[in-house]
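1. Pasting a predicted model and its sequence here:
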Number of protein chains: 2
Amino acid sequence: MIELTVALGERSYPILIGAGLLGTPGLLTPYVPGGRALIVSNEVVAPLHLASLQRSLEGVQCDTLILPDGEHTKTLQTLNLIFDRLLESRHERSTTLIALGGGVTGDLTGFAAASYQRGVNFIQVPTTLLAQVDSSVGGKTGVNHPLGKNMIGAFYQPKIVLADIDVLKTLPERELRAGLAEVIKYGLLGNAEFFAWLEMHIDALLAGDSELQAQAVKICCEEKARIVAADEREGGKRALLNLGHTFGHAIESAMGYGVWLHGEAVATGMVMAADLSHRLGWISAEEASRARALIERAGLPVVPPEQISSGQFMTLMAVDKKVQGGKIRFVLLRQIGDAVVEADVPASLLQQTLCAGAALCR
Amino acid sequence: MIELTVALGERSYPILIGAGLLGTPGLLTPYVPGGRALIVSNEVVAPLHLASLQRSLEGVQCDTLILPDGEHTKTLQTLNLIFDRLLESRHERSTTLIALGGGVTGDLTGFAAASYQRGVNFIQVPTTLLAQVDSSVGGKTGVNHPLGKNMIGAFYQPKIVLADIDVLKTLPERELRAGLAEVIKYGLLGNAEFFAWLEMHIDALLAGDSELQAQAVKICCEEKARIVAADEREGGKRALLNLGHTFGHAIESAMGYGVWLHGEAVATGMVMAADLSHRLGWISAEEASRARALIERAGLPVVPPEQISSGQFMTLMAVDKKVQGGKIRFVLLRQIGDAVVEADVPASLLQQTLCAGAALCR
């Protein structure tokens, strides 16, 4: 078992990474001080892993709430189902919410934990690669609004994150690929050596090599923990974690949440960011190709959907949380392993990037 | 103008108290760093004070959202109207939300500010006595759930609170009386001298003496600022501010939110807390009578509604946020000016308090 720490003063917490952690008795119980918990999961994950988690929580009085699955459920309405359940079952301020699932489950449950009685104990048990390497670490929680993704939420840190590598064995291949998008992101934005390592091991990671997967999860969590510790509330550096997300959120929103997986949209968004970085003269054509090639080898889409016009992209990107003074702030690449935030992008270059993938430019 | 500070480290903020502050140009503009704001008010307050506030915010690009009035509007659904408006008008993370209204407006707007894009700038301009002395100070924000009051929310501090005593002139008498309930609360829970001052000046305060009102608002804000600075997230001492609220929330919930004003329910709740404190042998019959008499002189109800059975009281109080380990924790009086939290109340004494006011005990 690997143990990392997200260093945030009195809000610091451990991330445990390893095989078989989910069913290990006693690992989580010290983090449920009130002796009572509500496990929130979804209808896909619960049949696979809920019983095992419950068994490991011996001595804790556990209620469970099984939500429908999918990004389209990440709404205030679903959030309210968690509050309904907590109040109907009379959970007190000393209760603990445990998220068992992917990013959607973690984001919803985390925001519920931040808001229920103005804040209760929270534990993340991520069951997708994407959640293990990204969404479960760092305290971003929230729900979507029809006009924008993750527009409503809170920064709220868990008490512990438990990443069981074994659960990746039950993950559908499409979800595994989507998770690899965020893995590749960490290489692109801040760790060229890790990017090269991924070029070497991408096939084995896709094939399900547990040791390499654990290694990748560890490196991504280290990268994220370092960035979050330096900038918990996204005043500066943390924005780099949004590499590919400005384009990606627009794709998710235009297609309807859940049609493209978040990781798929981010994958294409990163290719677009690399393309734009090249058009700005920042990275070479070869570096842009390396980025695109690795994303393609991971089985991820590298071209945005044809039906999104560049005008629609612009409209959707204008509500991004990183917009400042009306300017869209893009995360772009100075080189592989070195990302920066840039607000002054010439409209003509941006237009070229938006059109480059599409069959026609509308 | 009186200026106080709520001392919370980097989250410290000023409270300005005085006559005519609302229309004073430039007072608030330094607290709107992004140059853009959404003023949230309600249909009763906006016609009286919105134009004046807008004039004073020269140079700020202000949108406005006018909500319906009343405690029954303090819901997740109304909260979503604020998010709709913010996103439709493309407010960025650098925007400022300004609450112009009473406690409901402040609680809703504050929670929206805490959650929009995971937190934006927030200003409180309370226009009721209750909001000026209590709800606008200290960072408690949130909405109600059908199963409990203020069950969903956040601790989120404003950047400044502007309490204009002149607005109290336009306040309906019933609202003024309701505000005096919270004023009396500060005397009862921690300041016997202030309680005696109130016994002397209650008639003048009701008659609208601005200087005495400013004095009362100042003392209450000082008391609250002191308690909040010592215990921002209600780990201990802050719970004392809930004197009268455990009974009071049950009354509000049983009657339907808004039928009794919050201050009216708290007034009766304080009489019940004093009664229970006397039955426990803590305060004398004379002290309990003094508490009841002052509340009665303020024109506030001192007996709970007959239709609430003691069983219903118990059920509703069991979901109070202060419940711990299944035990209801009451804020009770050791003497006037000295409140404590007590979880071990004999059921028989509690039953007597619940029945004392009712015509019959059911």
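-> Everything's here; your move. As the structure is a prediction and not an experimental result, all values here were calculated from the model. Numbers count the residues shown, from 1 in each chain, chains lettered A, B, ... in the order given.
2. count of neighbours near A:Gly179?
-> Here the number of neighbours of A:Gly179 (other CB atoms under 10 Å in any protein chain shown) works out to 31. From N, CA and C alone the C-beta is placed, and that goes for glycine too.
3. any idea which helix or strand carries it?
-> Of the helices and strands defined by DSSP states H and E, A:Gly179 is found in helix A:173-190.
4. Which positions in that helix come out as buried?
-> In terms of neighbour count (16 or more other CB atoms under 10 Å in any protein chain shown), helix A:173-190 has its buried residues at A:175-190.
5. ditto for stretch A:155-167
-> Of the residues in stretch A:155-167, those with enough neighbours to count as buried (16+ other CB under 10 Å) are A:155-167.
6. Between all of those residues, which two are separated the most?
-> The distance between the two most remote of these (CB to CB) is 29.9 Å, for A:Phe155 and A:Asp166.
7. Which helix or which strand is home to the closest residue to A:Ser284 other than its chain neighbours?
-> Of all residues beyond its chain neighbours, the one nearest A:Ser284 is A:His278 (7.1 Å), with distances taken as CB to CB, 6 or more residues apart in numbering or on different chains. Assigned by DSSP H and E, A:His278 belongs to helix A:262-279.
8. I'd like to check the angle between that helix and helix A:173-190, please.
-> Direction vectors for helix A:262-279 and helix A:173-190, defined by axes from the mean of the first three to the mean of the last three CA atoms, to 10 degrees, enclose an angle of 30 degrees.
9. helix or strand right after helix A:262-279?
-> For helix A:262-279, the succeeding helix or strand toward the C-terminus, using DSSP H and E, is helix A:285-297.
10. quick one, what contacts A:Leu38?
-> Applying CB atoms under 8 Å, 6 or more residues apart in numbering or on different chains, one finds that A:Leu38 lies in contact with A:62-65, A:82, A:85-86, A:89, A:91, A:95-98.
11. and if you look at A:Leu87?
-> When the contact criterion is CB under 8 Å, 6+ apart, the partners of A:Leu87 are B:His145, B:Leu147, B:Gly148, B:Met151, B:Val319.
12. can you rerun that using 10 Å?
-> By CB atoms under 10 Å, 6 or more residues apart in numbering or on different chains, A:Leu87 lies in contact with A:Tyr116, A:Gln117, B:His145, B:Pro146, B:Leu147, B:Gly148, B:Met151, B:Ile152, B:Val319.
13. Name the residues of the longest helix along chain A that come out as buried.
-> Of all the segments of type helix in chain A, defined by DSSP state H, the longest one is helix A:210-230. Within helix A:210-230, the residues that qualify as buried by neighbour count (16+ other CB under 10 Å) are A:212-225, A:227-229.
14. and the helix holding A:His278, what does it pack onto?
-> The contact analysis (3 or more CB pairs under 10 Å, 6 or more residues apart in numbering or on different chains; DSSP states H and E) places helix A:262-279 against helix A:103-115, helix A:129-130, helix A:173-190, helix A:245-255, helix A:285-297, strand A:330-335, strand A:338-342, helix A:347-356.
15. distance between the shortest one and the chain's centre?
-> Helix A:129-130 sits 7 Å away from the centroid of its parent chain (CA atoms, centre = their mean, to the nearest Å).
16. Flag every residue of the stretch 201-350 of chain A that's near chain B.
-> Contact residues (CB under 10 Å from any CB of the partner chain) of the stretch 201-350 of chain A with chain B: A:Arg233, A:Glu234, A:Ala318, A:Val319, A:Asp320, A:Lys321, A:Lys322, A:Val323, A:Gln324, A:Gly325, A:Gly326, A:Lys327.
17. Contact partners for the closest residue to the first one other than its chain neighbours?
-> In this structure, A:Arg233 finds its nearest non-sequential neighbour in A:Phe155, 5.5 Å apart by CB to CB, 6+ apart. Contact partners of A:Phe155, counting by CB under 10 Å, 6+ apart, are A:11, A:110, A:114, A:138-142, A:228, A:232-234, B:114, B:118-119.
18. Show me the shaky parts of the stretch 151-300 of chain A.
-> In the prediction, the stretch 151-300 of chain A carries no residues with pLDDT under 70.
19. List phi and psi for the residue nearest to A:Arg233.
-> phi -80, psi 120 (degrees, to the nearest 10).
20. Now do the buried residues in the helix or strand just after the helix holding A:Gly179.
-> Of the helices and strands lying after helix A:173-190 in sequence (DSSP H and E), the nearest is helix A:192-207. In terms of neighbour count (16+ other CB under 10 Å), helix A:192-207 has its buried residues at A:Phe194, A:Phe195, A:Trp197, A:Leu198, A:His201, A:Ile202, A:Leu205, A:Leu206.
21. confidence score at A:Leu360?
-> Note for A:Leu360: predicted pLDDT of 46.
22. Also A:Leu147?
-> 87.
23. Could you count how many residues lie near A:Ser309?
-> By other CB under 10 Å, 16 other residues sit near A:Ser309.
24. Hmm, I typed the wrong one, I wanted A:Pro172.
-> A:Pro172 is surrounded by 10 other residues when neighbours are defined as other CB under 10 Å.
25. Contacts only, for it.
-> A:Pro172 touches A:Val44, A:Thr128, A:Ala178, counting by CB under 10 Å, 6+ apart.
26. now these as CSV including distance to B:Gly103?
-> Supplementary listing: the contacts of A:Pro172 in CSV, determined by distance: CB to CB, whole Å:
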residue, distance to B:Gly103
A:Val44, 42
A:Thr128, 42
A:Ala178, 45
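27. Quick check: closest non-adjacent residue to the most centrally placed residue in chain A.
-> With distances taken as CA atoms, centre = their mean, A:Ser135 lies nearest the centre of chain A, 3.3 Å away. By the measure of CB to CB, 6+ apart, the closest residue to A:Ser135 outside its immediate chain neighbours is A:Gly103, 3.7 Å from it.
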